[in-house]
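**Student:** quick one, structure for this:
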Amino acid sequence: MAAPEATPHGTAASAAGASPEQAAEPETGDASLLERFPRLADLDDMDDDQRIEVFQHVLDTLQRELDEERG
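**Tutor:** Predicted coordinates:
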């Protein structure tokens, strides 16, 4: 198993508030990102503008869900 990617504030997993084991496994009941956003699986076949569009859609959707959870 590869080590988590380092960030300025520790590892990517610790920066997200999860242990490396938790970061690698979705919470029970959560769909994986690829199931929720199947276009992510095709990033290698896209040009930069298409990738930006896909990432923006994912980020917008996740931000909207987070805002709804926070009420």
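
**Student:** so where is this structure shaky, pLDDT-wise?
**Tutor:** The chain contains residues with pLDDT under 70 at 1-30.

**Student:** can you show me the strands along it?
**Tutor:** Secondary structure of the chain, counting by DSSP state E: strands at 6-7, 10-11.

**Student:** ok, residue 51 - contacts?
**Tutor:** By CB atoms under 8 Å, 6 or more residues apart in numbering, the contact set of residue 51 is residue 43. The way it works is simple: take the backbone N, C-alpha and C, and place the C-beta from them, glycine included.

**Student:** can you tell me how far it sits from residue 58?
**Tutor:** 11 Å (CB to CB, to the nearest Å).

**Student:** can you check residue 40 too?
**Tutor:** Applying CB to CB, the value for residue 40 to residue 58 is 7 Å.

**Student:** joint contacts of these two?
**Tutor:** Counting by CB under 8 Å, 6+ apart, the residues touching both residue 40 and residue 58 are residue 33.

**Student:** how about the helices in the chain?
**Tutor:** Using DSSP state H, the helices of the chain run over residues 12-15, 20-24, 33-36, 48-70.

**Student:** which of the ones you listed sits most buried?
**Tutor:** Of all the helices of the chain, helix 12-15 has the most neighbours on average by mean count of other CB atoms under 10 Å, namely a mean of 16.

**Student:** how does the chain divide up, domain by domain?
**Tutor:** 1-29, 31-71 (automatic domain parsing).

**Student:** correct me if wrong: residue 39 contacts residue 56.
**Tutor:** No - if you go by CB atoms under 8 Å, residue 39 and residue 56 don't touch, sitting 11.4 Å apart.

**Student:** ends of stretch 36-52, how far apart?
**Tutor:** Its start and end residues considered, stretch 36-52 measures 17 Å (CA to CA, to the nearest Å).
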